[in-house]
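1. give me a model of this one.
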Amino acid sequence: MRTRDFLPKYTRLISLAERLIAFPPRRGVMGPAIAALGGKRTVKVTFLPVIPDAAVLADLVYRASWYLSPVFDKVKKVVFPVAPGVGAQDGSPAYMDEEVARCRGQIRDLLEFRESVTLDDIRSLVADADIVLVWDSKLWDPPARLSSYGVFRRGRRTFFNVDRQTYSREASTWLDVPRLLGSSRSSVVAECREKFAEMAAALGGGQRAYVFGTGPCLEEIAEMELLQGVRVVSNSLVRNERLMEKIRPSIVCCGDPVFHAGCSGYAAEFRRNLADAMQRHPLYAVVPITHYPYYRAHFPASLMKRIFGVPINKLGHFNFDLLSDYEVNQTGNILTMLMLPVASTLAREVCIGGCDGRSDKAQAYFWSHHAPSQIVDKMDAAKESHPGFFRISYTDYYDQHCETLELLMQEGEQAGHIFRNITTSHVPGLARRDFSDSGSRPADERPVVYTFCAPIHGKIPEHEAALVDLWRESWTANGWEAVVLDESSVAVDEEVARMLLAYRALPSINRKKLDYYCYVRWLAVAQAGGGFMCDYDVVNYGFRPRPVGKMALYERSVPCLVSGTAAEYERVARFFAAYSVASDDRLQGKPHVSDMMILTKNTWMFEQSQGCAEYGRPGWEAAGAVHFSNLSMKSRSHVPRHEHIPKLRPFPTAAAAA
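-> Purely as a prediction, here's the structure:
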């Protein structure tokens, strides 16, 4: 007997066009369904197909008791069609928690167990229902339709795929049932948005935020000195009191339908840990809007002032300002779905820790976790409660997560945000933005400084070569390894090729390719590993190496001498490629931009440091490095520059330094 035979006859006699309407994409279903049930005070719910034994019945009874708990007042009855001789028994499955058992007592009077034998029995049952919960999708005809959509409508009924054995999104689908009945209506969203704004005002925002996952490298945090900033933690880290005291977070984000809002013993233990942490710490909790009704139904009212739900939608882009647009893009991981959007709303710079990723892509789970921050003893309960969730391809999930995270960070960087990784990570996007290495090197290793040289039309090659030699001599004499990069130093892949085209499109009134090469050099140094970069007309008179971290400029906002990690150079290079020319980007009445002009307009991108001065400016005679710029020298008739620099301020040769 197949499920299609259980349905009223007219639902099987439909054309291909009607089938397409009957199975719309998941996102488009809930709006019409909510509208259809909006006028009803209570609804009737039934399960499908017939329940064959007491074990399955017990699971469904207690599962429904939990997932319908936020909307008991909206449910008129819940019908369980059972095979002859199958009856309800007290006692929840071992993988569920006593919290779920309490819900069973509250819903007891709404439950109806109806023996169903004939097709007419089932047709009558479905015809009388507003909501149909399909607990075994294998019997659906064809099964692929149900497994693809999860939620769909036929006639005036809304069907939900809640097959825990085969459907990986079963828990998420259950959470949509209260939403269908108004638990996430506009007034609830408005309430949460107001609480979010109050939290943002209380925390004050600032330049920096930290977000922490639950990877093994969390141990590195214990030895760090965290700077001032909003701290956002994830999930079960709230149970690790040692790290909670170290991090002192302001916000916890939790959004997993299985591990946090589910019916298993694991999820119940997490909610207890969260409530305890919120009692001990001034902690706000941010959850998906579909999870919010469960906290409101089961958490103390005193804590609900600090818990709010955020709408999750398929936006097609990432939102970095929830104060202006209160929703986030739907993704498959808490980091990309809630943590980074929330942190980016409160700060421009976001430091990321505890996100190890996978050192071995063949490992058998999502990734490794920090054991003291996990509910290890309850993991089997989660797996038994939602087996379909764990039958996904972890490798595919990881690859998708890495791709989504990279897209988010690129989009955020184009909007002016900075993302830095501060602990060990195998996630490619975080590894490229690594800030965990301070830039220290062995004492016997010579520091490296890079310059970039390429032929420019109108410049005399012999003069430029002599200037490069003088540059190399001055830096070598002061203990540095001086490396000259050129266009061939840049390895070109698909992304770099797009960036190079973007550089060529930026307007310039200077000599052909001069400003283009000024952009390219940032890519060259990023690929070389980061560190110090300067123009080859910057002469070293005693400039010493220092720790490398955030991008630093040593001569006002002129990028003649800079330092930063490889990730910082890459960040700046991407920003140049994504730059939108403004109406005021002009020089001598013509459209014009350069790396210096862009940095001058966006001083948040770098730290201002000391150590270099332009020739002729106050302090140049004693500066550790001097920029003998073309403008400052030519205006004083000091050309060719390489002949005048040693006369203006002599510097020691390598032999003399030795």
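2. wait, W604 touches R348, no?
-> Yes: taking contacts as C-beta atoms under 8 Å, W604 lies within contact range of R348: 6.2 Å. No exception for glycine: its C-beta is placed from N, CA and C like everyone else's.
3. so what sits against both of the two?
-> Counting by C-beta atoms under 8 Å, 6 or more residues apart in numbering, the common neighbours of W604 and R348 are 207, 416.
4. show the backbone phi and psi for I51.
-> Per-residue torsions, I51: phi -90, psi 120 (degrees, to the nearest 10).
5. near it, how many other residues are there?
-> Residues contacting I51 under the criterion other C-beta atoms under 10 Å number 23.
6. tell me the buried residues in stretch 216-232?
-> 216-218, 221, 226, 229-232 (16 or more other C-beta atoms under 10 Å).
7. in the chain, where is pLDDT below threshold?
-> By pLDDT under 70, the low-scoring segments of the chain are 1-40, 139-149, 205, 360-369, 436-445, 652-658.
8. what's the closest of the buried residues of stretch 216-232 to E570?
-> Relative to E570, the closest of the buried residues of stretch 216-232 is C217; by C-beta to C-beta it sits at 21.5 Å.
9. give the contact list for that closest one.
-> If you count contacts by C-beta under 8 Å, 6+ apart, C217 has them with 353-356, 370, 423-425.
10. so which of W604 and R348 has more stuff around it?
-> Taking other C-beta under 10 Å, W604 and R348 do not tie; R348 has more neighbours (18 against 11).
11. on that earlier part again, how about the contacts of C217, which pair is most distant?
-> H370 and S425, at 13.3 Å, using C-beta to C-beta across those.
12. what touches both of those two?
-> 215, 217.
13. those two: who's more crowded?
-> Set H370 next to S425 and count neighbours by other C-beta under 10 Å: S425 wins out with 24 against 21.
14. distance from the chain centre to whichever strand or helix holds L133, please.
-> Element membership for L133 (DSSP states H and E) is strand 131-134. Its chain's C-alpha centre and that of strand 131-134 lie 34 Å apart, by C-alpha atoms, centre = their mean, to the nearest Å.
15. what packs against it?
-> strand 43-48, strand 157-161, helix 170-180 (3 or more C-beta pairs under 8 Å, 6 or more residues apart in numbering; DSSP states H and E).
16. mean neighbour count and distance to H281 for those - can I get that in a markdown table?
-> Formatted as a markdown table, the helices and strands packed on strand 131-134 follow (neighbours: other C-beta atoms under 10 Å; distance: least, C-beta to C-beta, whole Å):
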| stretch | mean neighbour count | distance to H281 |
| --- | --- | --- |
| strand 43-48 | 22 | 39 |
| strand 157-161 | 25 | 37 |
| helix 170-180 | 24 | 27 |
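17. including distance to A567, could the ones you listed go into JSON lines?
-> Formatted as JSON lines, those follow (distance: least, C-beta to C-beta, whole Å):
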{"stretch": "strand 43-48", "distance to A567": "52"}
{"stretch": "strand 157-161", "distance to A567": "42"}
{"stretch": "helix 170-180", "distance to A567": "34"}
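18. of all those, which one comes closest to F320?
-> Judged by C-beta to C-beta, the one of the helices and strands packed on strand 131-134 that comes nearest to F320 is helix 170-180, at 24.6 Å.
19. what packs against that closest one?
-> helix 30-37, helix 54-67, strand 131-134, strand 157-161.
20. most neighbours per residue, which of those?
-> strand 157-161 (a mean of 25; mean count of other C-beta atoms under 10 Å).
21. sheet partners, orientation included, of that strand?
-> strand 131-134 (parallel), strand 151-154 (antiparallel) (DSSP bridges).
22. and those strands as a markdown table, adding distance to L110?
-> What follows is the strands paired with strand 157-161, written out as a markdown table (distance: least, C-beta to C-beta, whole Å):
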| stretch | distance to L110 |
| --- | --- |
| strand 131-134 | 13 |
| strand 151-154 | 22 |
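23. closest to R586 out of these?
-> In terms of C-beta to C-beta, the element of these nearest to R586 is strand 151-154, at 54.0 Å.
24. helices of the stretch 251-400 of the chain, residue ranges please.
-> Along the stretch 251-400 of the chain, counting by DSSP state H, counting those that start in this stretch, helices occupy 265-280, 292-298, 301-304, 334, 340-346, 379-385, 394-414.
25. so which elements touch the longest one?
-> Other helices and strands packing on helix 394-414, by 3+ C-beta pairs under 8 Å, 6+ apart, are helix 340-346, strand 418-421, helix 428-431, helix 566-577.
26. the inter-axis angle of the last one versus helix 394-414?
-> Regarding helix 566-577 and helix 394-414, their directions subtend 60 degrees when assessed with axes from the mean of the first three to the mean of the last three C-alpha atoms, to 10 degrees.
27. distance from the helix or strand following helix 566-577 to the middle of the chain?
-> Counting by DSSP H and E, the next helix or strand C-terminal to helix 566-577 is strand 586-587. Centroid separation for strand 586-587 versus its chain: 38 Å, with C-alpha atoms, centre = their mean.
28. show residues contacting the helix or strand containing Y519.
-> Using DSSP H and E, Y519 maps to helix 514-528. For helix 514-528, contacts defined as C-beta under 8 Å, 6+ apart pick out 450, 452, 454, 456, 483, 485-487, 489-491, 496, 499-500, 503-504, 506, 508, 531, 533, 559, 566-567, 569-570, 572-573, 576-577, 593-596.
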